[in-house]
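Provided below are the primary sequence and the corresponding predicted coordinates.
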Amino acid sequence: KQEVTQIPAALSVPEGENLVLNCSFTDSAIYNLQWFRQDPGKGLTSLLLIQSSQREQTSGRLNASLDKSSGRSTLYIAASQPGDSATYLCAVSGNAGNMLTFGGGTRLMVKP
Amino acid sequence: DGGITQSPKYLFRKEGQNVTLSCEQNLNHDAMYWYRQDPGQGLRLIYYSQIVNDFQKGDIAEGYSVSREKKESFPLTVTSAQKNPTAFYLCASSEGRNTEAFFGQGTRLTVV
């Protein structure tokens, strides 16, 4: 059964710092990996989708990489801002349909 | 304005009562999903539907039921058989396999 782990569980950084969030998964047979952002009490906002054949995706200050063979993905946030404070979740889709298996999330706090 | 609408935002259930959570999407997506989120945990799949009039159990389907009579609607009923229903419920949709998933804003269910 697929298991997804995110490290660290929480992270606090000063504004302007570049940071990396980590996601690992146990079964490399995935269709895609998606990174989401969740604000307190809200739903999930999709940030980036990486197909299994891709190595990375970029959107603005965000860059996500995927190493399927080693079961790892990273989300790089450049020049962090207080507005980036949220919980970041990664999820992988497996071999049937598009059901996602989620990690526990990284709670990010960017201090002014 | 395309998206996924969940209602109500907050719901209170008495012991022994069934309640239904609404999820509507106007994205013309074939697939829809229900996830449950508990404090400090990742999301877990309850039910999913890849096409109208068809749905499958996820990892934690016991005590829940769904229907998919229309493409745009996927209501979730939390039955009295669900012993610990207090949680945040999230509905999602996607075009199908290997595509980006989009989420609603969630319904917070509390047992009183």
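Yep, it's here. Numbering: from 1, shown residues only, chains lettered A, B, ... in the order given.

near chain B, which residues of chain A show up?
Proximity of chain A to chain B, by Cβ under 8 Å from any Cβ of the partner chain, involves residues A:4, A:31-32, A:34, A:36, A:41-46, A:49, A:51, A:89, A:91, A:93, A:97-105. C-betas here are computed from N, CA, C, even on glycine.

Note down every partner strand of the helix or strand hosting residue A:63 and its orientation.
Residue A:63 belongs to strand A:62-67 when assigned by DSSP states H and E. In the sheet, strand A:62-67 lines up against strand A:56-59 (antiparallel), strand A:72-77 (antiparallel) (DSSP bridges).

Just the buried ones from the residues of chain A next to chain B, in ChimeraX syntax?
Selection of the buried residues among those in ChimeraX, burial being defined by 16 or more other Cβ atoms under 10 Å in any protein chain shown:
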select /A:4,31,32,34,36,42,43,44,46,49,89,91,93,97,98,99,100,101,102,103,104,105
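
got the residue ranges for the helices in chain B?
With DSSP state H as the criterion, chain B has no helices.

Would you mind listing where it has pLDDT under the threshold?
For chain B, applying pLDDT under 70 flags the ranges B:1-2.

So which residues on it come close to chain A?
Counting by Cβ under 8 Å from any Cβ, chain B sits next to chain A at B:6, B:31, B:33, B:35, B:40-45, B:48, B:50, B:56, B:58, B:88, B:90, B:92, B:94, B:96-106, B:108.

And residue B:92, how far from residue A:108?
Using Cβ to Cβ, to the nearest Å, residue B:92 is found at 22 Å from residue A:108.
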